[in-house]
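Peer 1: The sequence and its predicted three-dimensional model are supplied below.
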Amino acid sequence: MALQNPSAPARPVSRVPAPTPSSGVIHANSRHTSHFTVVGNHLAQHRELSLVAIGLALHIQSLPAGARIGIKCLTARFPESEARIASALRELEAAGYLKRTRERLPSGRVVTRTVSYNQPGAAPHGSVSRPVTRPVSRPAPRPADRAPRPTREPRPTPARAPLPAPRRPSPDGARLAHRILVELRRDDPRLLLSEADVARLTPAVSAWLERAAPPDAVRRTLTANLPSDLRTPAAFLAHRLTASLPPPLPAAAPASARPDPLQNCDGCERAFRAPQPGLCRDCLHVCTIG
């Protein structure tokens, strides 16, 4: 029988949970009792969102209500650039984790309202629903006592401002304008336009080209200083094409007539201006009198 040594140190207990997988990640979890956020696997293991978007969604869901999550605030908080954070916000908005709306305050200031959804498509917990009231049974009114129902007039659709158009349209100018609009997405992917938008904006770009605006200058004007929350690129380009339309160049002054060349008089050899060699005016006068 083996002797037991009571003074020998106890075998250390491993913190790695058992059973341990032969490969891959090993989770060493401990229970959170405070300062934690519950995140669904539909977000943590999303197949289409980028890693920046997933991390940003987790950060936003961990913030208290009323916290500022503008692009400037997030850029000051994280090392990512404004472009990457703006792209991640658009990903979350497209996936349903964020909803941003523009509202005008009574003071006239326009602000952005942002709603974060921890589970897109599900009803928010604690949502307020309108109470349901039961109708009170009353005798049906006679046809003569029934008041006519008020009809709601349809709201007029605001008309679009007219876009610039060339005075003398040309097929070459239209083709060049069409190419400029189609290739704008190479400068910024947000400027991806539909065929209908390109067809509507082509005459406006042709008007710029007709006014001797270089194609590169037109492209730089349309792509410079784009807003971070650009949502309707066609409307933005239409406004910029209209508001920044350059004036037409003034008509070129007619070329002044060049003076006749200098000739040597065949009679007195004095210099005089004439289209062809011959006699000067004085010699010609003498010959005429003689």
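Peer 2: Noted; the coordinates are in hand.

Peer 1: Can you give me the buried ones in the strand or helix carrying residue 235?
Peer 2: Using DSSP states H and E, residue 235 sits within helix 233-243. For helix 233-243, a neighbour-count test (16 or more other Cβ atoms under 10 Å) marks 233-234, 236-238, 240-241 as buried. For every residue, glycine as well, the C-beta is placed using N, CA and C.

Peer 1: where does residue 227 fall, helix, sheet strand or coil?
Peer 2: Per DSSP: H, G, I helix; E, B strand; the rest coil, the secondary structure class of residue 227 is coil.

Peer 1: That one reaches residue 235, doesn't it?
Peer 2: No. Residue 227 is beyond contact range of residue 235, at 11.7 Å (criterion: Cβ atoms under 8 Å).

Peer 1: where in the stretch 51-200 of the chain is pLDDT low?
Peer 2: For the stretch 51-200 of the chain, the stretches flagged by pLDDT under 70 are 123-161.

Peer 1: Show me the strands in it, by range?
Peer 2: 98-104, 110-116 (DSSP state E, counting those that start in this stretch).

Peer 1: Go through those strands and name the closest to residue 77.
Peer 2: strand 110-116 (15.3 Å; Cβ to Cβ).

Peer 1: Need the residues that contact that closest one.
Peer 2: Strand 110-116 is contacted from outside by 57, 60-61, 69-70, 97-105, 229, using Cβ atoms under 8 Å, 6 or more residues apart in numbering.

Peer 1: Buried subset of those as a ChimeraX selection?
Peer 2: In ChimeraX syntax, the buried subset of these is picked out as below (16+ other Cβ under 10 Å):
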select :57,60,61,69,97,98
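
Peer 1: from the contacts of strand 110-116, which is closest to residue 83?
Peer 2: residue 229 (12.7 Å).

Peer 1: Run through the residues that contact that closest one.
Peer 2: So residue 229 contacts 86, 100, 112 (Cβ under 8 Å, 6+ apart).

Peer 1: Where do the domain boundaries of the protein fall?
Peer 2: Listed by automatic domain parsing, the domain ranges of the chain are 41-116, 171-243, 262-290.

Peer 1: Pick the most buried one from those domains.
Peer 2: domain 171-243 (a mean of 16; mean count of other Cβ atoms under 10 Å).

Peer 1: how far does it stretch from start to finish?
Peer 2: Distance between the two ends of domain 171-243: 25 Å, counting by Cα to Cα, to the nearest Å.

Peer 1: All further residue positions should be reported with the first residue as 593.
Peer 2: That works, and once the first residue is 593, the last one we named lands at domain 763-835.

Peer 1: Against residue 631, how distant is residue 618?
Peer 2: From residue 618 across to residue 631, the span is 21 Å (Cβ to Cβ, to the nearest Å).

Peer 1: higher neighbour count, these two?
Peer 2: Using other Cβ atoms under 10 Å, the more surrounded residue of residue 618 and residue 631 is residue 631, with 15 against 9.

Peer 1: Identify the residues contacting the nearest residue to that one once chain neighbours are set aside.
Peer 2: Closest residue to residue 631 apart from its sequence neighbours, by Cβ to Cβ, 6 or more residues apart in numbering: residue 650 at 5.8 Å. By Cβ under 8 Å, 6+ apart, the residues touching residue 650 are 629, 631, 635-636.

Peer 1: In helices only, show me the residues you listed.
Peer 2: In helices, defined here by DSSP state H, the members of the contacts of residue 650 are 635-636.

Peer 1: Of the contacts of residue 650, which is the nearest to residue 614?
Peer 2: residue 636 (24.0 Å).

Peer 1: need the contact list for the closest residue to the closest one other than its chain neighbours.
Peer 2: In this structure, residue 636 finds its nearest non-sequential neighbour in residue 646, 6.7 Å apart by Cβ to Cβ, 6+ apart. With contacts defined as Cβ under 8 Å, 6+ apart, residue 646 is in contact with 635-636, 638.

Peer 1: For the helix holding residue 827, name the packing helices and strands.
Peer 2: Applying 3 or more Cβ pairs under 8 Å, 6 or more residues apart in numbering; DSSP states H and E, one finds that helix 825-835 contacts helix 787-802, helix 807-815.

Peer 1: Perfect, I'm done here.
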